[in-house]
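**Q** From the sequence below, what's the structure:
(2 chains)
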Amino acid sequence: DAKTTQPTSMDCAEGRAANLPCNHSTISGNEYVYWYRQIHSQGPQYIIHGLKNNETNEMASLIITEDRKSSTLILPHATLRDTAVYYCIVRVGIGANSKLTFGKGITLSVRP
Amino acid sequence: NAGVTQTPKFRILKIGQSMTLQCTQDMNHNYMYWYRQDPGMGLKLIYYSVGAGITDKGEVPNGYNVSRSTTEDFPLRLELAAPSQTSVYFCASSRPGLAGGRGRDTQYFGPGTRLTVL
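**A** Just a heads-up that it's a prediction; the model follows:
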């Protein structure tokens, strides 16, 4: 079972920031938070990951609360091409025994 | 790099038929995975491999077999197709990252194979 909970869906206006929340209250100290997205009919695409510090890359920012029980993925300037299902995943285990467990994710709809 | 490639893109099988879904990666990744995704659901891990000659079961292995004779290839075999195996199948690969390194074990996915069993 996924260790995360996400809203089912949300929308935002094109050009605005999209803030996608995720709860992972049972996360352990050495478990990473990963975000992937899946555009319709395509394979999932890695976005970003983090352990306890906030992270930023060319695609997004990841804000993890100090207690690590929740996080927010921020797409700073959403475009229509960002419409997708976004998966928040806690990577359980380490090395060969670690797994990504994909839940249902949150469907982000970016409107013109 | 082509990344992760999968063939075929689409396939329709009759109940009881067998087939092999092909997956190849050219990134020299040690780890490879097979997932299935049913409509409106997340991905479920079928099998994975941490290197040539080594495979292990994931969450839903029944009805499937895999082999890993080379680093590049990780075929998935369906021996007796059943309607419950109608799904989209994704192959992925990753390179175990250094401890604390960025991109730690990030998985790269192929475009998927859409399989229908009638």
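**Q** Can you pull up the most central residue in chain B?
**A** B:W34 (2.3 Å; Cα atoms, centre = their mean).
**Q** wait, is it part of a helix?
**A** No: assigned with DSSP: H, G, I helix; E, B strand; the rest coil, B:W34 falls outside any helix and is strand.
**Q** isn't it right up against B:K44?
**A** No: counting by Cβ atoms under 8 Å, B:W34 does not reach B:K44; the two are 9.8 Å apart. For every residue, glycine as well, the C-beta is placed using N, CA and C.
**Q** Now list whatever residues contact both of these two.
**A** Listed as contacting both B:W34 and B:K44 by Cβ atoms under 8 Å, 6 or more residues apart in numbering or on different chains are B:G58.
**Q** Residues of chain B that sit close to chain A?
**A** B:4, B:31, B:35, B:40-45, B:50, B:56, B:58-59, B:90, B:92, B:96, B:100, B:104-112 (Cβ under 8 Å from any Cβ of the partner chain).
**Q** Surely B:S69 is in contact with B:G53?
**A** Yes: B:S69 is within contact range of B:G53, at 7.4 Å (criterion: Cβ under 8 Å).
**Q** which residues touch the closest residue to chain A within chain B?
**A** Residue nearest to chain A within chain B (Cβ to the nearest Cβ): B:F109, separated by 3.1 Å. Contacts for B:F109 (Cβ under 8 Å, 6+ apart) come out as A:G43, A:P44, A:Q45, B:V4, B:F90, B:C91, B:A92.
**Q** residues contacting the residue nearest to the centre of chain B?
**A** B:21, B:23, B:45-48, B:58, B:64, B:66, B:74, B:76, B:89-92.
**Q** ok, now which ones touch the closest residue to chain B within chain A?
**A** Per Cβ to the nearest Cβ, A:G43 is where chain A lies closest to chain B, at 3.1 Å. A:G43 is in contact with B:V4, B:F90, B:A92, B:F109, B:G110, B:P111, B:G112, counting by Cβ under 8 Å, 6+ apart.
**Q** quick one on the thing from earlier: bridge partners for the residue nearest to the centre of chain B, pull those for me.
**A** Following DSSP bridges, B:W34 is listed with bridge partners B:Y47, B:C91.
**Q** wait, isn't A:K99 in contact with B:Y31?
**A** No: assessed by Cβ under 8 Å, A:K99 is found out of contact with B:Y31, at 11.1 Å.
**Q** More neighbours: the two, which one.
**A** B:Y31 (21 against 16; other Cβ atoms under 10 Å in any protein chain shown).
**Q** That one touches B:S49, doesn't it?
**A** Yes: at 6.9 Å, B:Y31 and B:S49 qualify as touching, with contact defined as Cβ under 8 Å.
**Q** excluding its backbone neighbours, what's nearest A:P76?
**A** A:A17 (5.4 Å; Cβ to Cβ, 6 or more residues apart in numbering or on different chains).
**Q** repeat for B:G53
**A** B:R68 is the one closest to B:G53 (Cβ to Cβ, 6+ apart), at 6.3 Å.
**Q** Next up, the contacts around residue 47.
**A** Assuming you mean chain A. Listed by Cβ under 8 Å, 6+ apart, the contact set of A:I47 reads A:W35, A:Y36, A:R37, A:N57, A:M59, A:A60, A:L73, A:Y86.
**Q** My question was about chain B, not that one.
**A** B:Y33, B:W34, B:T55, B:D56, B:K57, B:G58, B:P61, B:Y64, B:V66, B:L76.
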